[in-house]
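Peer 1: A predicted structure for the sequence below; I have some questions about it.
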Amino acid sequence: MTKNILEVPFWKIALRFSILFLGVISLIIALIHYMKYENFSAVSESLEAGTWSAFVSQKIAIAAVYGVSMTYFSRRKEKKKNKKY
């Protein structure tokens, strides 16, 4: 059973968008590192250098902004669609 996007709380939808985006962006970054260095040791080396907290916090911030913006625009689109009917 699916619910209308307007019936679900804003933060739940934003959290879903954020987690999905974070997962996808993490996979893309890992694949880029693998293709560039042909192994995953470069990823672990870059995270061991002490910059992992800045790296992770940047990705979480970007994912949060993405989640909130996608939720806002999706809900706005649904409201406009419901006004027509």
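Peer 2: On my side now, so go ahead. Numbering: from 1, shown residues only.
Peer 1: list the buried ones in the lengthiest helix in the chain?
Peer 2: Ranked by residue count under DSSP state H, the longest helix found in the chain is helix 52-84. Neighbour-count burial for helix 52-84 flags Ala63, Ala64, Tyr66, Gly67, Val68, Met70, Thr71, Arg75 (criterion: 16 or more other C-beta atoms under 10 Å). (C-beta placed from N, C-alpha, C; glycine too.)
Peer 1: where does Tyr37 land on pLDDT?
Peer 2: Here, the pLDDT recorded for Tyr37 equals 77.
Peer 1: tell me how many other residues surround it.
Peer 2: Neighbourhood size, Tyr37 [other C-beta atoms under 10 Å]: 13.
Peer 1: so Trp31 is in which element?
Peer 2: Not quite, residue 31 is Leu, not Trp. helix 10-37 (DSSP states H and E).
Peer 1: name the helices or strands packed onto that helix?
Peer 2: helix 41-46, helix 52-84 (3 or more C-beta pairs under 8 Å, 6 or more residues apart in numbering; DSSP states H and E).
Peer 1: any chance of these in CSV with mean pLDDT and distance to Lys12 as columns?
Peer 2: Formatted as CSV, the helices and strands packed on helix 10-37 follow (pLDDT from 0 to 100; distance: least, C-beta to C-beta, whole Å):
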stretch, mean pLDDT, distance to Lys12
helix 41-46, 67, 31
helix 52-84, 90, 9
